[in-house]
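Q: coordinates only, sequence not included:
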């Protein structure tokens, strides 16, 4: 939900404030880069291509952006710049960017950020066609595109990996509807969802089975989420059936005959047949208009959380307000098994409401818990405003804590009304949670100022976390922490190394899957062994994954992206700037020190003909950039940086040498040197070339960054060269 307040501009002070606040917020606008001010922009079309990749899900987000909604709209006189500031889920990894120039697709190169910025700004001043994608902070990014006329649109694609949330029955990830809602008018979202034999049955978890339509029998499904649906939910998740087999999942990417990368997921409760006896009383409140979350979204997500986070040996009960009365689902606790949970929610009234008195409502739950074993937690899921003041909030907290008598109270506060939740309501919720050792979660907000031509600022605030994220955070807190554990992996002939855990607290829980990515050396099957200490004693299980899920180069990017994110989160991350940049460039993964730069086609920079446009558009041109280890070709240079000369070594199968060339470009995309007839320099599948830093005419080139591009029939391999000294 976006609330807007307008007020006159105090030019000098407010401009500085607005830029500071705006830079920390998500927004989409157009501007004249050679003057001051900005206006809203519109996403005309949006397509999201979804591909499961194991512990991550890959998104290809296509956006067509125009100046509609701005004062520039319809005018072709002023070349405009599009600026999109956006944030992605934590630990997301951007690994590609495309820009359409006419019908041509220009695939971005990944280079040092400072060099990319200089090139982009120089091109903007010369009125050419680039885009630049940078990382502005942990989890947040900026895309700039130039030029845009007021009567046209520009198309881009951002490809990124989103951490998948694995639960008992589902593998899911949030859809980027918050990014689409930055548009002046929210667009429809076309979905292209890929499946395979392992990741099947895609659904939108908030609304159940979306009527996907399969085409070509390819395992790829399409559907369209209308703008009205996107505007009706605080968040949506795409989900697949969980591929866990006996509580485990493994995937392997073989980069060479004896090395590669792996993924590992372990659900301890399923893998070790652990039992739990958790009991939760869920009390629901809903007030129409107090949040973007609708009643049906609240009910469906609550049901989903019970199914995903509780096991059949756990118990639950529901309390809700129906008219003027408080009702409960059953007189006794119910087993949290699918048939019972689905049955309970199938008969809930659709008009559940809000209690007149919070203290009286909570008393129903605490009294029920005390008379039914006194061993359950209470969870209040509310968006209701009870109108507490400073004086009444203190007495309410005292009364609620007195009646709790040791019952742990938890609150999900999803109120996001136009007036905002009363500070004292939030204080009551927070204090009763802390007073009973419970957990309190609520929306976090981000703020921005939007400039308008009539000398007014429009101040807006949006929720940074959706209702779905609030519920996941809450139910994950009910999990049981395993006090001691050992998880060990290795290869049948070799070993694993450089493991990166994908959970922040590096702990193991009953029902929260443990996930990691790592490297391996050796051959044979991937093996794993888990041992845990519980109140019942020691439980142990081992696995041999002789037929793991077949991964590709994206697993390498997952490892590199998490390694980069970990370094960038360090307080002294700037000390690792060279390591971050090198890892980023070597793996084609965006970092704080690199940028994706797409340039217009010219004599030496061709469009991408192998870039498949799954949005339903088109594209033509030359060859796509191939990941450095996506084939048997290895391209290296020494010394690098160099001063007088550099030796470039190519390890390549002799069969790949036909018509192969090595071209060297400067950072403006201009070819400065080309090596042809590489087979003449080949010796036992190795080629050694020497370049003295001169162009084809023998002129010494200035210090700087150059790109060596090996072109073969299978694609391109790219290597950065630095001349310094």
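A: That came through fine. Quantities reported herein were computed from a predicted structural model and do not represent experimental measurements.
Q: Tell me the buried residues in stretch 698-711?
A: Neighbour counts over stretch 698-711 (16 or more other C-beta atoms under 10 Å) mark 701, 705, 706, 707, 708, 709, 710, 711 as buried. The way it works is simple: take the backbone N, C-alpha and C, and place the C-beta from them, glycine included.
Q: Save the residues you listed as a markdown table, and put in distance to residue 607, secondary structure and pLDDT too.
A: Below are the buried residues of stretch 698-711 laid out as a markdown table (distance: C-beta to C-beta, whole Å; DSSP: H, G, I helix; E, B strand; the rest coil; pLDDT from 0 to 100):
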| residue | distance to residue 607 | secondary structure | pLDDT |
| --- | --- | --- | --- |
| 701 | 26 | coil | 88 |
| 705 | 22 | strand | 75 |
| 706 | 21 | strand | 82 |
| 707 | 17 | strand | 80 |
| 708 | 20 | strand | 84 |
| 709 | 15 | strand | 82 |
| 710 | 19 | strand | 83 |
| 711 | 15 | strand | 80 |
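Q: nearest to residue 351, of the residues you listed?
A: residue 707 (62.9 Å; C-beta to C-beta).
Q: How is the residue lying closest to the closest one once chain neighbours are set aside classified with respect to secondary structure?
A: Of all residues beyond its chain neighbours, the one nearest residue 707 is residue 665 (4.8 Å), with distances taken as C-beta to C-beta, 6 or more residues apart in numbering. For residue 665, the assignment made with DSSP: H, G, I helix; E, B strand; the rest coil gives strand.
Q: quick one: the helices in the chain?
A: Assigned by DSSP state H, the helices in the chain fall at 11-23, 113-125, 177-180, 227-232, 268-272, 295-309, 338-346, 358-370, 390-404, 423-435, 467-476, 554-568, 577-587.
Q: Show me what the second one packs onto, helices and strands only.
A: So the one you mean is helix 113-125. strand 131-137, strand 140-148, strand 594-598 (3 or more C-beta pairs under 8 Å, 6 or more residues apart in numbering; DSSP states H and E).
Q: okay if I get the ones you listed as CSV plus mean neighbour count?
A: Output for these, formatted as CSV (neighbours: other C-beta atoms under 10 Å):
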stretch, mean neighbour count
strand 131-137, 21
strand 140-148, 21
strand 594-598, 26
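Q: Could you point out which of those sits nearest residue 258?
A: strand 594-598 (30.0 Å).
Q: Report the mean confidence score over the closest one.
A: Across strand 594-598, pLDDT averages out at 94.
Q: now do stretch 444-456
A: Computed over stretch 444-456, the average pLDDT equals 54.
Q: just stretch 123-130 next, same as before
A: 72.
Q: cool, and stretch 30-48?
A: 89.
Q: distance between the ends of that stretch?
A: 23 Å (C-alpha to C-alpha, to the nearest Å).
Q: Just the buried positions in it, please.
A: For stretch 30-48, burial by neighbour count (16+ other C-beta under 10 Å) applies to 30-31, 38-48.
Q: Check stretch 88-106 too.
A: Across stretch 88-106, burial judged by 16+ other C-beta under 10 Å covers 88, 91-101, 104-106.
Q: now, which of these sits nearest residue 324?
A: Nearest to residue 324 out of those is residue 88 (C-beta to C-beta; 44.5 Å).
Q: you'd agree the closest one is up against residue 137?
A: No: using C-beta atoms under 8 Å as the test, residue 88 is too far from residue 137 to be in contact (11.4 Å).
Q: so who does the nearest residue to residue 308 once chain neighbours are set aside touch?
A: Nearest non-adjacent residue to residue 308, counting by C-beta to C-beta, 6+ apart: residue 167, 3.8 Å away. Contacts of residue 167 were listed using C-beta atoms under 8 Å, 6 or more residues apart in numbering, and they are 242, 308, 309, 511, 513.
Q: mind putting those residues in CSV, pLDDT and distance to residue 54 included?
A: CSV is the format used below for these (pLDDT from 0 to 100; distance: C-beta to C-beta, whole Å):
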residue, pLDDT, distance to residue 54
242, 95, 12
308, 91, 19
309, 93, 22
511, 90, 20
513, 93, 12
